[in-house]
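Asker: one predicted model, sequence on top.
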Amino acid sequence: MFSLSILQSALELGCIYALVALALFLSFRVLNIADMTTDGAFTLGCAVSATAAVAGHPFLGLVLAMAAGAAAGAITALLQTRLGVPSILAGIVTNTGLYTVNLAIMGFSSNVPMLKTTTVFTLLQDVLGKDSPYKLLIAVVVAALACGALILFLGTRLGLSIRATGDNPDMVRASSINTAFTILVGLCVSNSLTALSGAVLAQYQRSADINLGTGMVVIGLASLIIGETIFARGGLWVKAIGAVGGSILYRFIIALALRANFPSECLKLLSAIIVGLAIAAPTIRGKVAFANRRRAAKREGGR
């Protein structure tokens with residue numbers, strides 16, 4: 001059985017990680033780019049947020065983390081559009097370089113403890129009280145604002161150009177739209193969301209670690225695909241909300257696995273299995289439906 005604290009923790013983490021799902025929705029689904037900068041950008045957000053919070057600027061840390069994530073996305077975009085590096089390799093190159101950058105931001109230490117540091121969560125705790133759901137409130141507000149802002153942005157003229165670039169880049173070029181610029185903006189926004197997720201998580205758990213972003217692509221994809229499987233049809237709003245819902249559901253699955261004494265060392269494997277099953281779900285459903293029709297036809301033929 002789930003306790004209220006476990007359910008609340010899963011919901012909090014689901015909302016925080018939902019920003020990564022939204023980022024991958026923009027890069028992977030809208031722009032049709034497999035951006036591998038995610039792991040490094042997430043850790044970058046953690047490092048910047050933690051360093052700023054330790055210096056006494058928790059809110060500024062969130063803003064700086066988004067700016068740093070946008071800069072990482074810009075590097076990936078420039079490698080891809082200006083230097084002709086394939087999108088996957090461009091992300092890998094940026095991700096590799098960010099490891100040293102993140103270490104430098106953290107003072108060349110593998111972690112930054114924040115046990116006695118003022119964060120956005122402790123500030124709200126002082127206002128609402130220790131027994132209030134202050135962590136959940138911040139996580140929900142951040143996820144809702146990010147989701148709403150992303151949808152509104154994709155509805156603007158520039159957002160429509162980004163969506164068109166992902167659908168048909170040749171047509172966009174024929175319309176005199178600079179696809180290099182739309183890719184640049186899209187990856188900047190995507191990685192700023194990823195960095196914001198890391199920034200909020202660092203202040204949520206009051207620590208930052210150099211390995212926090214490892215496997216974040218898999219976690220984000222798992223959340224995104226779970227949401228797409230549940231919300232199979234609908235417009236942009238439905239798909240974006242589905243990404244958030246998929247992230248929350250994914251955290252509940254992880255919480256259920258931990259509750260069932262599933263080894264924590266195997267959670268990455270569980271994530272990979274979830275992604276594989278979610279991707280294969282349409283094919284599996286099609287084969288099951290075909291097998292059912294085949295059995296029904298055999299029964300009809302035997303009568």
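Answerer: The structure has been received and is ready for your questions. Numbering: from 1, shown residues only.
Asker: pLDDT below threshold where in the stretch 201-303 of the chain?
Answerer: Scanning the stretch 201-303 of the chain for pLDDT under 70 picks out the ranges 232, 301-303.
Asker: and the strands in it?
Answerer: All strands of the stretch 201-303 of the chain, identified by DSSP state E, counting those that start in this stretch, fall at 207-209.
Asker: and what of the stretch 1-150 of the chain?
Answerer: Listed in chain order, the strands found in the stretch 1-150 of the chain under DSSP E, counting those that start in this stretch are 111-113.
Asker: all helices for it, in order.
Answerer: 4-24, 38-54, 58-81, 87-105, 120-128, 134-154 (DSSP state H, counting those that start in this stretch).
Asker: most tightly packed of the ones you listed?
Answerer: Greatest average neighbour count among these goes to helix 38-54 (a mean of 30), per mean count of other Cβ atoms under 10 Å. For every residue, glycine as well, the C-beta is placed using N, CA and C.
Asker: ok, back up a step: just put the helices of the stretch 1-150 of the chain in JSON lines and tack on mean pLDDT.
Answerer: Output for those, formatted as JSON lines (pLDDT from 0 to 100):
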{"stretch": "helix 4-24", "mean pLDDT": "90"}
{"stretch": "helix 38-54", "mean pLDDT": "95"}
{"stretch": "helix 58-81", "mean pLDDT": "96"}
{"stretch": "helix 87-105", "mean pLDDT": "95"}
{"stretch": "helix 120-128", "mean pLDDT": "92"}
{"stretch": "helix 134-154", "mean pLDDT": "94"}
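Asker: which one of those helices lies nearest to residue 259?
Answerer: Among these, helix 4-24 comes nearest to residue 259, with 6.9 Å by Cβ to Cβ.
Asker: for the closest one, packing partners?
Answerer: In terms of contacts (3 or more Cβ pairs under 8 Å, 6 or more residues apart in numbering; DSSP states H and E), helix 4-24 is packed against helix 38-54, helix 134-154, helix 179-205, helix 216-230, helix 236-259.
Asker: mind listing what's buried along the longest helix along the chain?
Answerer: Identified as the longest helix of the chain according to DSSP state H is helix 267-302. Within helix 267-302, the residues that qualify as buried by neighbour count (16 or more other Cβ atoms under 10 Å) are 270-271, 274-275, 278.
Asker: which ones are touching residue 134?
Answerer: Contacts for residue 134 were tallied using Cβ atoms under 8 Å, 6 or more residues apart in numbering; they are 121, 124-125, 127-128.
Asker: repeat that with 7 Å
Answerer: Listed by Cβ atoms under 7 Å, 6 or more residues apart in numbering, the contact set of residue 134 reads 121, 124-125, 128.
Asker: which two in these are spaced the farthest apart?
Answerer: 121 and 128 (10.5 Å).
Asker: where does residue 175 fall, phi/psi-wise?
Answerer: Dihedral pair for residue 175: phi -90, psi 10, per degrees, to the nearest 10.
Asker: relative to residue 164, how far out is it?
Answerer: 8 Å (Cβ to Cβ, to the nearest Å).
Asker: the more surrounded of these two?
Answerer: Using other Cβ atoms under 10 Å, the more surrounded residue of residue 175 and residue 164 is residue 164, with 17 against 10.
Asker: any idea how far that one is from residue 222?
Answerer: From residue 164 to residue 222 the distance is 28 Å (Cβ to Cβ).
Asker: likewise residue 108?
Answerer: Residue 108 sits at a distance of 32 Å from residue 222 (criterion: Cβ to Cβ).
Asker: name the residue in the two with the higher neighbour count.
Answerer: Higher neighbour count among residue 108 and residue 222: residue 222, with 29 against 9, using other Cβ under 10 Å.
Asker: residue contacts, the more buried one?
Answerer: Going by Cβ under 7 Å, 6+ apart, the list of residues near residue 222 reads 250, 271, 274-275, 278.
Asker: what do you get for residue 117?
Answerer: By Cβ under 7 Å, 6+ apart, residue 117 lies in contact with 53-54, 206.
Asker: now with 8 Å?
Answerer: 53-54, 58, 206.
Asker: likewise for residue 67?
Answerer: Residues in contact with residue 67, defined by Cβ under 8 Å, 6+ apart, are residue 192.
Asker: ok, it to residue 129 distance?
Answerer: Noted for residue 67: a distance of 33 Å to residue 129, by Cβ to Cβ.
Asker: do residue 15 as well
Answerer: Between residue 15 and residue 129 the distance is 21 Å, computed by Cβ to Cβ.
Asker: what does residue 27 give?
Answerer: To residue 129, residue 27 is 39 Å away according to Cβ to Cβ.
Asker: who has more neighbours out of these two?
Answerer: Set residue 27 next to residue 129 and count neighbours by other Cβ under 10 Å: residue 27 wins out with 30 against 9.
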